[in-house]
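Peer 1: A structural model of the following input is requested.
(one chain, ligands or ions: 1)
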Amino acid sequence: MSFLKNIWQQLLGINPFKGDMLPSRVYVFERGRPCLPFPHLLNYKTPLSIFDAFYTNAKSADLFERDNRYLYVMGMPPVFITRDPAVIKAILLATGDKPGQFDRDTAPMKGIAQATGVNSLLYANGKVWRKQKQMSARPFGKGTLFQPEEFHEFEKTFRKTIEERLIVLRDAQEISKQKFTRVEIEQEIQPIMLEMLVNNFFGGSVEYKELRERYVPALLSLIDYMITNTVAPNLSAIHQFVTGKHVAVQQWREALEDLTDIALAGRGEKAGHWKNFIGDIEDEEALRSNIRVFLAGALEATTSFATWTLSHLSRQPELQELVYSEIKDINVYDPESLTEAKLLNHCLNETLRLTPSLYFFPRKATADTWLKLDDTRKIMIPKGTTIRLDIWNANRNEFFLGKHISGYPADSFVPARWDVLASEGISRKNLTHFGFGLGARVCPGQFLGQLEVGLVVGAFIKVFKFKAVNNVTGARAGVTTKPDDGTLIDIELR
Ligand code: HEM
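Peer 2: Predicted coordinates:
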């Protein structure tokens, strides 16, 4: 029935949305766009261009129509893309497990779920998600992680891990007798991030060399494979069969399983953070699913966050020096010191705004849903609509975050904007950027991630001055975004 209704509306050009303002339509074939407005084998590696394809021909004088677009074809429910922060905020706050609320659309994560399991906090919806959420609320919450004893234990072990790895880089620089060493810092950050999670957070025991040589490459290849497998599962299977790649895929999966075992090993003696996972775990497989997601997801997201911060700072030597003078005498990054390191915090916040790690959030409308955007405007999103919340473009939306509000253009990296906003009484609480999400499905790892990234970036700035090699760095987008040059920088000892 809805198929016929959709076809009917599509042929007659009837807008399926209702309300005080309506999204505008995108057609499959239009001129002047960077690519087709859906992922296929030729464009799936450049998802940011797919979003651009939605907006390229949006010429309406009405801002809402330019920022909110839909594709409506072949009797399928509409695909709705928005870069409008007000709409994104309303949808995030109306996402959850209650009847009629928006669900996470799991379609873009099908490949990921094949490797991690379907019961994880990331993939599940409804009751299973709620259970997982309850299980992880305490151990990942700010109240637990930032308890003085808990915090100091992590801060110390995290810092030790980071210092040990930076010493290797520093020694290499000293031995070379060169003023600068050129490095793709992303490769150095990845194993550090995994080490902090597996050894320090979960109390596991794995050698750094093994992390670097086996686990990081295996996880990255598996993530890449999972993305291809989501876009074109059948072609991917044929490709594996012909090239013999299935043997490699099997090895990557085994590596993820082995690392999951290592992370789980400390559970019996309540090592690392395991003491905070209270209560009986009824579903062991669901727990394993979550650990797999934490390992792969945290490696991706924290690396993205840290590399973007270093990449931005590598282009602003004066700002780098200001952050250095702020933190040079800080030896322990306890909550007080971290709060005092205001500029470092602004840099982290600005990084996640301008170059968010998770660049889109997928949602699905489970019912015809009326959304209230503010006191006067509302909009109805029809049941079955596939929703893509375009965080990358929303976070740089000039109208919401630009010069007239924050004193600086929205598409530039200016940590000082957060001072301007604060002086006007606007904080992250009321001026949303979506770097860690919002609402019920907000990132459970945000405090852990923020702590890890703050420590890595702070420690790095204390040892090195660094300069970008390339004048301009674009974004590479897969599961997360990263600087497309691997964060290629020249580092110099302080
Ligand atoms: C520091 C870098 C990180 C960033 C920028 C980040 C970002 C995000 C964002 C934006 C979401 C919401 C996605 C949505 O609404 O669709 C999310 C969800 C999630 N994150 Fe993170 N994350 C980070 C670190 C971590 C860490 C360290 C963990 C775990 C150890 C983690 C685990 C998760 C999980 C399981 C979800 C799904 C939550 C749910 O659906 O209820 N993240 N993350």
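Peer 1: if you skip the residues just before and after it, what's nearest to Leu121?
Peer 2: Gln132 (4.0 Å; Cβ to Cβ, 6 or more residues apart in numbering). For the C-beta atoms, the positions are set from N, CA and C on the backbone; glycine is no exception.
Peer 1: and the next helix or strand past the helix or strand that contains that neighbour?
Peer 2: Using DSSP states H and E, Gln132 sits in helix 126-140. Per DSSP H and E, the first helix or strand lying C-terminal to helix 126-140 is helix 142-145.
Peer 1: so which elements touch that following helix?
Peer 2: helix 148-176, helix 446-463 (3 or more Cβ pairs under 8 Å, 6 or more residues apart in numbering; DSSP states H and E).
Peer 1: quick one: low-confidence ranges for the stretch 301-450 of the chain?
Peer 2: Counting by pLDDT under 70, the stretch 301-450 of the chain shows low-confidence ranges at 333-335, 427-432.
Peer 1: and the strands in it, which stretches?
Peer 2: Assignment of strands within the stretch 301-450 of the chain using DSSP state E, counting those that start in this stretch yields the ranges 360-364, 369-372, 378-381, 386-390.
Peer 1: most centrally placed residue in this structure?
Peer 2: Leu358 (2.7 Å; Cα atoms, centre = their mean).
Peer 1: residue contacts, that one?
Peer 2: Ala301, Ile391, Gly437, Thr480 (Cβ atoms under 8 Å, 6 or more residues apart in numbering).
Peer 1: just give me the neighbour total for Asp261.
Peer 2: 12 (other Cβ atoms under 10 Å).
Peer 1: where's it, which helix or strand?
Peer 2: helix 245-265.
Peer 1: show residues contacting that helix.
Peer 2: 115-116, 197-198, 202, 204-206, 214-215, 218-219, 221-222, 225, 239-240, 271, 287-288, 291-292, 294-296.
Peer 1: which among those end up buried?
Peer 2: Neighbour-count burial (16 or more other Cβ atoms under 10 Å) applied to the contacts of helix 245-265 gives 115-116, 197-198, 202, 204, 206, 214-215, 218-219, 221-222, 225, 240, 287-288, 291-292, 294-296.
Peer 1: strands - which of those residues land there?
Peer 2: Per DSSP state E, strands hold no members of the buried ones among the contacts of helix 245-265.
Peer 1: helices or strands up against the helix holding Gln132?
Peer 2: Using 3+ Cβ pairs under 8 Å, 6+ apart, helix 126-140 sits against helix 284-313.
Peer 1: mind doing that once more with 10 Å?
Peer 2: In terms of contacts (3 or more Cβ pairs under 10 Å, 6 or more residues apart in numbering; DSSP states H and E), helix 126-140 is packed against strand 103-104, helix 142-145, helix 284-313, helix 446-463.
Peer 1: got the buried residues for that helix?
Peer 2: For helix 126-140, the neighbour count (16+ other Cβ under 10 Å) marks Val128, Trp129, Arg130, Lys131, Gln132, Lys133, Met135, Ser136, Pro139, Phe140 as buried.
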